[in-house]
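[1] turn this into a model:
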Amino acid sequence: MDHKIELKDVGHYFDTPHGRISLFDKLSLSFSGGSTHAIVGPSGVGKSSLLSLAAGLELPRLGEIIFTCDGEQISPVKLRQRSGFVFQQFHLMQELDAIGNIALPLRLNGNKQAYDIAREWLKKINLDDRANHKPTQLSGGEQQRVAIARAFVSNPAFIFADEPTGNLDEATSNNVADLMFDFAKETGSALIIVTHSSALAERADNCFALSEAHLEKIK
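    Down below sits the predicted model:
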């Protein structure tokens with residue numbers, strides 16, 4: 001897959017009434033399509049901000065980020081249209097049932113087979129018997145499986161996952177991790193995960209450790 005995100009000498013900070021909070025400076029790395037990537041490090045060093053920059057949700061204060069899909073440089077808006085997202089808090093639409101949540105990205109793009117495709121993804125995550133259950137009727141692990149199917153359903157170039165197992169027990173975390181890595185391999189999507197879990201990070205092709213103002217490739 002000729003997809004890539006390149007961060008070049010990127011710096012990021014926040015200005016507050018009490019002064020400037022600097023997260024990192026002159027940070028350079030790249031995420032390639034068809035590969036899995038993990039970002040680890042202690043709380044507060046800017047892992048989620050780094051993920052947000054890579055996803056085109058924020059602009060860096062310094063440096064530049066180049067987004068490439070199918071060999072063509074694209075804008076952050078175009079990148080977001082080619083991306084899927086998985087969050088710690090699931091972020092499912094509470095008024096929609098499981099199949100409705102999975103079908104939503106396809107419906108927004110005018111796909112007339114949205115529900116048929118969503119039903120196939122429900123089978124992949126072993127929740128086809130919960131198609132008409134709302135998020136409040138699903139366990140945390142089931143909600144995250146629905147969120148993962150929703151992220152992958154439109155065959156995105158990139159999947160961004162922020163602490164996707166942070167609210168789950170070990171057995172459920174392993175199941176969720178299996179799904180993400182299997183689907184990434186199946187679809188060719190680049191999977192980029194921020195995690196505190198060393199077991200989850202170990203499964204990635206590449207692993208980056210972020211500490212105060214410093215990034216190191218450890219795998």
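
[2] run the chain-centre distance for stretch 12-30.
    Offset of stretch 12-30 from its chain centre (C-alpha atoms, centre = their mean, to the nearest Å): 22 Å.

[3] and residue 31, its phi and psi?
    phi -120, psi 120 (degrees, to the nearest 10).

[4] that one bridge partners, please.
    residue 5 (DSSP bridges).

[5] just the buried residues of the lowest-mean-pLDDT helix or strand in the chain, please?
    In the chain, the helix or strand scored least confidently by mean pLDDT, DSSP states H and E is strand 214-217, which has a mean of 82. Neighbour-count burial for strand 214-217 flags residue 215 (criterion: 16 or more other C-beta atoms under 10 Å). In short, each C-beta sits where N, CA and C put it, glycine included.

[6] who touches it?
    Strand 214-217 is contacted from outside by 24, 27, 29, 206-209, using C-beta atoms under 8 Å, 6 or more residues apart in numbering.

[7] farthest-separated two in those?
    Largest separation among the contacts of strand 214-217 by C-beta to C-beta: 24 and 206, giving 17.9 Å.

[8] more neighbours, those two?
    Between residue 24 and residue 206, counted using other C-beta atoms under 10 Å, residue 24 has the larger neighbour count: 24 against 18.

[9] contact partners for that one?
    Counting by C-beta under 8 Å, 6+ apart, residue 24 makes contact with 10-12, 45-46, 50, 210, 213-215.

[10] surely residue 104 touches residue 150?
    Yes. Counting by C-beta atoms under 8 Å, residue 104 touches residue 150, with 6.7 Å between them.

[11] please say which of the two ends up with more neighbours.
    Taking residue 104 and residue 150 together and counting by other C-beta under 10 Å, residue 150 has the greater number of neighbours (26 against 18).

[12] ignoring the adjacent residues along the chain, who's closest to the more buried one?
    Leaving aside its sequence neighbours, residue 150 sits nearest to residue 102 (C-beta to C-beta, 6 or more residues apart in numbering; 4.9 Å).

[13] can I take it that the one you found is in a helix?
    Yes. Assessed by DSSP: H, G, I helix; E, B strand; the rest coil, residue 102 belongs to a helix.

[14] which ones are touching it?
    118, 121-122, 146, 149-150, 153.

[15] show me how far the least confident helix or strand of the chain is from its chain's centre.
    20 Å.

[16] dump the helix ranked longest in the chain to PDB, restricted to CA.
    Selection of the longest helix in the chain by residue count, based on DSSP state H, yields helix 170-187. Coordinates of the C-alpha atoms in helix 170-187 are reproduced here as PDB (Å, rounded to 0.1, in the frame of the first residue of the first chain):
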ATOM      1  CA  GLU A 170      -6.900  -8.800  30.000                       C
ATOM      2  CA  ALA A 171      -8.900 -11.500  28.200                       C
ATOM      3  CA  THR A 172     -11.100  -8.900  26.500                       C
ATOM      4  CA  SER A 173      -8.100  -6.800  25.600                       C
ATOM      5  CA  ASN A 174      -6.400  -9.800  23.900                       C
ATOM      6  CA  ASN A 175      -9.600 -10.400  21.900                       C
ATOM      7  CA  VAL A 176      -9.800  -6.800  20.800                       C
ATOM      8  CA  ALA A 177      -6.100  -6.800  19.900                       C
ATOM      9  CA  ASP A 178      -6.500  -9.900  17.800                       C
ATOM     10  CA  LEU A 179      -9.300  -8.300  15.900                       C
ATOM     11  CA  MET A 180      -7.400  -5.100  15.200                       C
ATOM     12  CA  PHE A 181      -4.200  -6.800  14.000                       C
ATOM     13  CA  ASP A 182      -6.100  -9.400  12.000                       C
ATOM     14  CA  PHE A 183      -8.300  -6.700  10.300                       C
ATOM     15  CA  ALA A 184      -5.200  -4.500   9.600                       C
ATOM     16  CA  LYS A 185      -3.500  -7.500   7.900                       C
ATOM     17  CA  GLU A 186      -6.700  -8.400   6.000                       C
ATOM     18  CA  THR A 187      -7.500  -4.900   4.700                       C
END
